[in-house]
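Asker: Please work out how this folds:
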Amino acid sequence: MDCLLTQSDTERILAMKTKEIIITCMIAALVMVIAPMQSQAQTQQGGHIRFGNLAIIPGIALDGVYDDNIYMGNGKQYTDSATTRRELKESDWITHAKPSLLLSYTLPERGSVNLGYQGDYAFYDKNNSNNWKNNQGSLLVDYQAPGGLILGVGERFTASEDPYGSADQYAIGRTTKRWTNDAKTKLGYNIMANLRSFVYYNNYKQQYNDIADYSQDYTDSELGLGMESRFLPKTWGFIRYHYGQRRYNTNAPGQGDDYNSNSKWHRANVGLTWDPGAKLSGEVSLGYLWRKYDHEYTSATQMAKRDDKKTWVAETTVTFMPTAMTMLTMTLNRAIRDTASDTNEQFTDTGIGLNLQQTFLTKFTLNAGVGYSKNEYNLPVANARTDDNYLANIGLDYNIREWLGVGIGYYLNRKNSNIDTNEFTDNKFMISLKVLF
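Answerer: Numbers count the residues shown, from 1 in each chain. This is a model prediction of the structure:
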């Protein structure tokens, strides 16, 4: 009797074969760990393909991930069947293929230009209808002219489908097709050896493909001025002012621009930054924000009113390298986030994180981190939503060669909330194989 395979059966078999091949490759690479160690630390940096000042760095990473909660649900049963389905807790094996390419051009004593690509293609073993892909292109320009002119450009375009949601906590656990473009530019001038001024322009846009996600499409624009003064050999203090606005690109059916969540803001920041080569790098930035909405009410009925907001904000990432083998990174962030264009809901997002990267025995690198953030909403009025978010990760990488590495890791993402349909705990266990030329 003939046995006919359906398309879904074929896809399942191919997915299983792919997973077996990847696991086999990873195990084979892990066996190579017994290779003799060299006398100095090795890290995967790439850059072996060079043409003068141009370095071409291609790479590929293969990750195998066991995820015990792919939909990020709480796993509880509800009288409403739709809610039960939405809160389903299901595990799966996910295979990630992550190609990358970096073109890095060095401008001696002046700076550099970097053009990059990073992909992430995710294939589920059992739930292959959830397969998704992310593709990101980036441009980074850092240039200082002989006459004192300073130019900085950071551009990142991302086409995403992953189920990890946005910073606004939208669509967590659900694959959504969307794209974002994040541009940050600065133009400065060295007034004297220890004093420089800057003009800033930032633009961020996000757009979802599905009309059902209309409330998330917006554009942020910011224009700013800043001054920096050096008070230590590689340490600068700064003061900055930004004026910004948000414009939602689409509205609810039947709703015009008269009732959306468009807003304007003023932001003042002070902080510290460091020159390349210092043991400290990154930026400490603390400030205050005043946000005012263009439209006081969400509809003509004037039942739901928006409240203007003023509070302290932060955007801090500082890395400390006491030795060539140890790197500590601390983050502190605080922002006001709107949840949609057609509501008066907003929340304050405050988070802190600490990460350690420690190289030992010349080829091993330990990566560990913890993070906590609190989301404080203004709604519902009687019992305003409050989320406590906990993140933790630990991993061990082994560099077999300068261009070849393997790793294992664990990742925890937990959300506690006073509204239980927002709660979840997600555990991931990972093995990886990385090639970087």
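
Asker: isn't S432 right up against G409?
Answerer: Yes - with contacts counted by C-beta atoms under 8 Å, S432 reaches G409, the gap being 7.3 Å. Every C-beta, even on glycine, is put in place using the N, C-alpha and C of the backbone.

Asker: Counting neighbours around each, name which of these two comes out higher.
Answerer: S432 (21 against 18; other C-beta atoms under 10 Å).

Asker: Can you pull the phi and psi angles for that one?
Answerer: Backbone torsions of S432, given as degrees, to the nearest 10, read phi -140, psi 150.

Asker: What residues are bridge-paired with it?
Answerer: Counting by DSSP bridges, S432 is bridged to D63, G407.

Asker: and if you look at G371?
Answerer: G353, L391.

Asker: what does R247 give?
Answerer: Residues in beta-bridge contact with R247 (DSSP bridges): T219.

Asker: mind listing what it touches?
Answerer: Counting by C-beta atoms under 8 Å, 6 or more residues apart in numbering, R247 makes contact with 218-219, 221, 262.

Asker: What of K374?
Answerer: Taking C-beta under 8 Å, 6+ apart as the test, what K374 contacts is 348-351, 386-389.

Asker: Also Y78?
Answerer: So Y78 contacts 84, 87 (C-beta under 8 Å, 6+ apart).

Asker: which secondary structure element contains it?
Answerer: Under DSSP states H and E, no helix or strand contains Y78.

Asker: How about L379?
Answerer: Counting by DSSP H and E, L379 is part of no helix or strand.

Asker: ok, now how distant is it from L286?
Answerer: To L286, L379 is 28 Å away according to C-beta to C-beta, to the nearest Å.

Asker: Most widely separated two among the contacts of R247?
Answerer: S221 and N262 (11.7 Å; C-beta to C-beta).

Asker: List the residues that are in contact with both of those two.
Answerer: 245, 247.

Asker: Of the contacts of K374, grab the buried ones for ChimeraX.
Answerer: Remark: buried members of the contacts of K374, expressed as a ChimeraX selection using 16 or more other C-beta atoms under 10 Å:
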select :348,349,350,351,387,389
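
Asker: Among the contacts of K374, list the two that are farthest apart in space.
Answerer: So, these by C-beta to C-beta: farthest apart are G351 and T386, at 14.1 Å.

Asker: which helices and strands does the helix or strand encompassing V65 pack with?
Answerer: Using DSSP H and E, V65 maps to strand 54-67. Judged by 3 or more C-beta pairs under 8 Å, 6 or more residues apart in numbering; DSSP states H and E, the packing partners of strand 54-67 are helix 7-31, strand 49-51, strand 92-107, strand 424-436.

Asker: Low-confidence bits of the stretch 1-150 of the chain, can you list those?
Answerer: 1-44 (pLDDT under 70).

Asker: Touching, L54 and L107? I think so.
Answerer: No - the pair L54 and L107 does not pass the contact test of C-beta under 8 Å, sitting 11.0 Å apart.

Asker: Which strand residues bridge F320?
Answerer: Residues in beta-bridge contact with F320 (DSSP bridges): L280, L328.

Asker: which residues touch it?
Answerer: F320 neighbours (C-beta under 8 Å, 6+ apart): 279-280, 327-330.

Asker: again, but for A268
Answerer: 239-242, 287-288.

Asker: out of those residues, who's nearest W132?
Answerer: Of the contacts of A268, the one sitting nearest to W132 (C-beta to C-beta) turns out to be H242, at 34.1 Å.
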